[in-house]
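**Q** Structure, please.
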Amino acid sequence: GLASTVWTMGPQLGAQQLMAFLDGVIVLDSTVFTATATNGPAAQINIDAGNAQHGAVGTPLATKVSAKVTDVSGNAVPNVPVTWTVLTGGGQIVATQQNTDSSGRSYATWTLGTTGGAQTASAAIASGVSVGFTATAGAGAPVQLIQVAGSGQSGVVGHALGTLLSVRVVDAYGNGIAGAAVSFSADQGTISAVASVTDSLGGILGRWTLGQQAGLQSALASLSGTAPVTFVATARAGGASNAVIETGNNQTQAVLQTVPLPLVVRVTDSFGNPAAGTAVTWAINQGGGSLLATSATTDSTGRSTAIWTLGSTTGSQLASLSVPSLPLVVFNATATPGAADTLAIVAGNNQSATVSTALGTPLIVRLVDSHGNPEVGASVIFAVVTGGGSVGPAIAATDASGRATANWTIGAFAGAQTATATSGSKSVT
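**A** The predicted structure follows:
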C-alpha cells in the first residue's frame, strides 16, 4: 500500500511543499510534505553596479563596482570568493571583502590608472566564469605647460614666423587636457592663437608676427596655475628701404686733396633697422678725383664708407652711392684752388704814352695754381720800379677769374719805365 516518488525542488529558495492525492483528493494532512530549498553552487557572475563610469586618472571611481554571483537558477550565492583584476589602463582594484555577502554581491574600489581613455577590469569566480567592467579615465587638473615647437626660429621683422608656436597642457601624469584657455603674448609683434582653447590632446597653436626691431625677441604662453613657457626668435632686418647720408656732405677742400671727413651712408629697412650686407656702388659724378670704398656691401650697422679725393677742377664736385631700387645718394664738395703757382701778365705790357699821362690799357695779371685754376681773392701788389709815375690801386684782389687790375700813370721822364705786380713769391714786370 506504499507509494513513492522523486521530488525535484523548484528554483525558488525557501520552503516548498509536496502533496499526495488519490483520485484527485488529498489523502490526509499527513500526506503534505515540506522541504527547504537552498541555492545551488555558484554558476554565474554578472554586473551589479558601477559599470561605465567616468573619472579622473589616478583617482578612485565615485561608485564602487559590484558583481553578483548566482546559481543556474539565478539565486544569489553567498560566501563565494571573487577575484577582481585590472585588465587595461593600469591602476588597481581592491575588493571590500573577500567573499560574496548574503545577497551574493562582491564590492570593489577601482582606482583608475594614470593614462587617459578606456580602462577595463573583471570580476571572476573559481570556475573561471567572469564579467567585465569598463570605465573612462579623463585627464586630471592642469599642472604643466610643455613647449612643443616654434622656439629658436629666425625671420624678417614685421613678418610671421614659418613655424607656429605650439604648447601642450598636461596633468600630473602627462595626459593632455582639452579645453584649457592658454594665452600668448610677445615683447614685440603680435601672436594670434589658432583656437580659443586646447584641443583633445591638450595642444594649442599660435602664429607669431615679429615686431619691428631687429634682434632677439621673446614670447610667452601662459595658463593660470602653471609656469609660463618662453619662446625666442631672432628678427632679421628687412630689405633695404632707405639710404641716407650720415657724414661727409658739403665739404670744402683744395683740388686733388682728400676731404677731411669720410663719406658715410646708412642703409636701413622700412623700420629703421640696419640693412647689413646690402650691395652698394660708389661713383664720381662730377669733377674727377677718386673714391676708396671700404667694402662693396654695408657693414653690420648698415653703413658704407668711402674716402674722397677731389679732382683737379675747382668748384662743385659730386660723388654718389647707389643701392638697387633706391634713389641715388649724392654728396657735394667744393674744390678750391691749390697753392698759387703762376702769376702771368694778361694785358697792359709794352705800351707807350706821353709823359705824365695814364696808359690807355690797364695793367692786368692772372694768378693760378699748378692746374690753371684761378686764385680768387689773392692780394696782388702793383708798384713802379723805374721812371717815376704811379699805379693804382697799389694792392688789388684777384677776381673770380684770378685777375687783378691796376692803372699806370707814367712818370715825367721820357724813355723806358717799368712796374711790377707781386703776389707772395710770384712776381712779373
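**Q** where's Gly14 relative to Thr96, distance?
**A** In this structure, Gly14 lies at 28 Å from Thr96, with Cβ to Cβ, to the nearest Å as the measure. Backbone N, C-alpha and C define where each C-beta goes, glycine included.
**Q** More neighbours: which of the two?
**A** Thr96 (13 against 8; other Cβ atoms under 10 Å).
**Q** so what pLDDT did that one get?
**A** Note on Thr96: pLDDT of 92.
**Q** what helix or strand does the nearest residue to it once chain neighbours are set aside sit in?
**A** Nearest residue to Thr96 in three dimensions, chain neighbours excluded: Tyr107, at 4.1 Å (Cβ to Cβ, 6 or more residues apart in numbering). Element membership of Tyr107 [criterion: DSSP states H and E] is strand 105-112.
**Q** Quick check: next helix or strand after that strand?
**A** Using DSSP H and E, the helix or strand that follows strand 105-112 in sequence is strand 117-124.
**Q** partners of the helix or strand just after that following strand in the sheet?
**A** Using DSSP H and E, the helix or strand that follows strand 117-124 towards the C-terminus is strand 130-138. For strand 130-138, sheet partners with direction are given as strand 53-56 (parallel), strand 117-124 (antiparallel), following DSSP bridges.
**Q** The ones you listed: which one's closest to Pro41?
**A** For Pro41, the closest of the strands paired with strand 130-138 is strand 117-124, at 15.3 Å, according to Cβ to Cβ.
**Q** Same question for the closest one: list its buried residues.
**A** For strand 117-124, burial by neighbour count (16 or more other Cβ atoms under 10 Å) applies to Gln119, Ala121, Ser122, Ala123, Ala124.
**Q** Can you tell me how far Ala397 is from Ala335?
**A** As defined by Cβ to Cβ, Ala397 lies at a distance of 20 Å from Ala335.
**Q** higher neighbour count, these two?
**A** For Ala397 against Ala335, the residue with the higher neighbour count under other Cβ under 10 Å is Ala335, and the figures read 25 against 12.
**Q** Show me what the host helix or strand of the more buried one pairs with in its sheet, parallel or antiparallel.
**A** Assigned by DSSP H and E, Ala335 falls within strand 329-336. Paired neighbours of strand 329-336 in the sheet (DSSP bridges): strand 251-254 (parallel), strand 315-322 (antiparallel).
**Q** what ranges do the strands span in the stretch 301-429 of the chain?
**A** Remark: strands assigned in the stretch 301-429 of the chain by DSSP state E, counting those that start in this stretch are 303-309, 315-322, 329-336, 340-347, 363-369, 379-386, 390-392, 395-397, 403-409, 418-423, 426-428.
**Q** before we move on, the earlier item: Gly89: which of the strands paired with strand 329-336 is closest?
**A** strand 315-322 (71.7 Å).
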